Each structure stands twice: as structure tokens, then as C-alpha cells.
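Asker: kindly generate the corresponding structure for this input.
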Amino acid sequence: MTKLKSSLERIKKLQKALRAEKLGAMLIENPIDLYYLAGMQMSLGHLYVTQTKSRLFVDGRYLEAAKAQSAVPAIEMQEQSEIDFLKGAKTLAFDGDRMTYGDFTHFRKTARKAKCKCTSKPNLLKNLRLIKDDTEIRKMKKSAKFAYAAYEYIRKKVRPGVTEIELAKQLELYCLKNGAESMSFEPIVAFGKNTALPHHHPGKTKCKENDIILFDLGVMLEAYASDMTRMDFIGKVDPKLRYLHDVNKAAQQVALSKCRPGVALKELDLAARRVMKNAGLEEYFIHSLGHGIGLEVHEYPRIKFDGPDRNLKLEAGMAITIEPGLYLPGKGGVRYEDTIVITPKGYVQTN
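Answerer: Numbers count the residues shown, from 1 in each chain. Alright, predicted model coming up:
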């Protein structure tokens, strides 16, 4: 499917959702959502979608590009033009989870002039982006395979005396030189006891013999994110950390075995936790089991047994990470992460 056709199909789905919720129009101004629906990257734009039509308003910097690239008719950004487009809509939905208060006060004035009532409806876009189409899945697999190749490259650079920050920078340079648009987040390279810090920032800590090493990395490729975590051991493995690793890997496998349409997200997290609890280690699992992924590395939903998305059921086309971790403060930690896509009968790994 072409980018243009994908964008038009997504706008049709949004219009169907607007009709279902009896909403007159929706405003989209987040750059990532603009790319998803209009098919072009921009730092500033106002996309209005009504039940029957859509229009992209951009400033002069993007006008010519938008006319050539956007899936949506584009004109120059002017308040009166936006007011005229909205007349008759009566209600204007927006993503209250993303919009700043300053932007809200501005758009509320525009909506009032068009005699529209503003209402926050963040789930409209969340649900739309939740299910990936075939083109998105292909791009995500490509991004994931790139990230795995980068991991295979950097793990071969490990040696006693090298620092975390040296490896992190080598990793970034490799990815950028080989075609990644950027890293999807600051890569984590952690040695020894630093592996017990889930969001450790690589520093000057040097690798030693018999160290445990954590690599958490991902890239942006064709606008889509990848995310993976792997563990490596240098020399003789500390028995406690090996046990931690084996239990954590078993927990991930049990969670993955439940990944299929119709299963609530909380069941994945609870399944992993049961493995950890039986091993006497559940207290050392201190974060959620995973998250959605796509145009952003962290997307809706969040996978946690007591989180706000706990009752959401898996559907074919959802892309999520499964990343249990166990962390012993002052000793070390382990995490193992894969990105998967839900299929009609189960799941496939992207890498």
C-alpha cells in the first residue's frame, strides 16, 4: 500500500470513529499524528478532520511541500480559514493527553468563533494507531532487524577496560553510518552493578573480567522505532546473576506463550510475575512488562497488571514489547526484551 493510500485509509477510519461518537470534527496538531494521517513530516501544522472532509493548514515553510506530499488538501495557516472550515461541526475533539494548555486556550478561541464546543478525546488517535497495517509491520520488522544487527556488532567490541560510554557512542555511530535516521532512545550500555539500574545512563565505568553486561537499544528507520534488550556475560558468571537471568528468561517465555488475540494485557504481566514469585524473586521486578511501539518507541498501551490499560485485550496487528526484568541493588540486574506483533493465531517476533 502506498503512503498516500495508507493515509487516506486512516483518515476514513478516523471519520468513521467521529460518526460513531457523534463528534463533528477533530483537530490533530502533534507532529507524529500529523505524519501518521497526512503522510508528511512537519514541526507545525493543524489538521482538521470532519465526518466527511479533511484539511491541512500549514505555515509558509511547509506550504509547497504539503501541496506536493500531503494526502490531505493543504492551504496556508490562517485563523479565519480554520474558522470557516469548522463551521457547522458543533463539536471539536482534540487529544488532551498531548496538547499543551497554551495550545488549548488558542484553539478554544478558534472553536468558539466557529461555534464549536471543545472536547478531549485522546482515545480516538490511540485506538487508530494501535493496530498496525501491513506496511507498518514491514517497516517495524526492518527496523528491528537493523537493531539486532547493531547489537551483534557492538557485543563484539566488548573487552576488559572499555567504558560504557565508549560502546554507546560506537553503537550510535554504527547505526547512523549504516542508515538509521536516529536512535529511538539513548542506548543503554551497563556493566556490573549498573545493570541493576533500569534506566542507567552510560558512563565511565570500565568493563571487567566476569562482568555482566546489559544492552538496551533501538533505532528509527523509515519513521518506525525498534526496541530490544540483551544480556551478555564476560568470563565466569556469578551464580546469583545466572539464576536471575534464567528465571527472567523463563518469565518472558511464559508471557509470550499467552500472546494471542482475546487475552487481556494484565494476564501477560501476571503470568510473568507468577514465575518470578515461585522463584522468590517477584519483589525485584520493578516496572511494567512492556508497552506499545510504532512511530514512537513508547506508545499505548502499557502492560501492567494494575495499570490503566490492564483490561485491554490483544488484537491482531498490535505491536508490543515484552521485557521483564529483575534487579538486585548493588549487585546487578537482568532484562530481556523482544518486540512482537500479534497475529490472528498468536504472535511473530519482529527481529
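
Asker: hey, let's count contacts and neighbours off CA atoms from now on
Answerer: OK.

Asker: now do the end-to-end distance for stretch 53-69.
Answerer: Stretch 53-69 stretches 18 Å from its first residue to its last (Cα to Cα, to the nearest Å).

Asker: how is this protein partitioned into domains?
Answerer: Structurally, the chain divides into domains by automatic domain parsing as follows: 3-129, 131-349.

Asker: show me where the stretch 101-250 of the chain has its strands.
Answerer: Chain-ordered strands for the stretch 101-250 of the chain, with DSSP state E, counting those that start in this stretch as the definition, fall at 117-120, 182-183, 188-191, 212-217, 219-221, 224-225, 228-233.

Asker: if we can go back for a sec, and the domains of the chain as TSV, adding mean pLDDT?
Answerer: Compiled in TSV, the domains of the chain are given as follows (pLDDT from 0 to 100):
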stretch	mean pLDDT
domain 3-129	95
domain 131-349	97
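
Asker: quick check: which element contains residue 19?
Answerer: Using DSSP states H and E, residue 19 sits in helix 3-20.

Asker: that helix: how far from the chain's middle?
Answerer: When C-alpha coordinates are averaged (Cα atoms, centre = their mean, to the nearest Å), helix 3-20 and its chain have centres 21 Å apart.

Asker: so for that helix, what gets flagged as buried?
Answerer: Of the residues in helix 3-20, those buried under the neighbour-count criterion (16 or more other Cα atoms under 10 Å) are 3-4, 6-8, 10-12, 14-15, 17-18.

Asker: which one is residue 208 nearest to, not counting chain neighbours?
Answerer: Nearest non-adjacent residue to residue 208, counting by Cα to Cα, 6 or more residues apart in numbering: residue 160, 4.8 Å away.

Asker: contacting residues for the one you found?
Answerer: With Cα atoms under 8 Å, 6 or more residues apart in numbering as the criterion, the residues that contact residue 160 are 206-209.

Asker: can you report phi and psi for it?
Answerer: The phi/psi pair for residue 160 (degrees, to the nearest 10) reads phi -60, psi 130.

Asker: swap in residue 48?
Answerer: Here the main-chain torsion angles of residue 48 (degrees, to the nearest 10) amount to phi -110, psi 130.

Asker: who are the neighbours in contact with the residue nearest to it when sequence neighbours are not counted?
Answerer: Among residues not flanking residue 48 along the chain, residue 27 sits closest, at 4.7 Å (Cα to Cα, 6+ apart). Residue 27 makes contact with 46-49, 92-95 under the criterion Cα under 8 Å, 6+ apart.

Asker: name the residues of the longest helix along the chain that come out as buried.
Answerer: Of all the elements of type helix in the chain, the one with the most residues (DSSP state H) is helix 134-155. The neighbour-count criterion (16+ other Cα under 10 Å) identifies 136-137, 139-148, 150-151, 154-155 as the buried residues of helix 134-155.

Asker: same deal with stretch 65-79?
Answerer: Of all the residues in stretch 65-79, those buried under the rule 16+ other Cα under 10 Å are 66, 69-77.

Asker: any idea how far apart the tips of that stretch sit?
Answerer: The first and last residues of stretch 65-79 sit 21 Å apart, counting by Cα to Cα.

Asker: now stretch 113-133
Answerer: Terminal residues of stretch 113-133 are spaced 38 Å apart (Cα to Cα).
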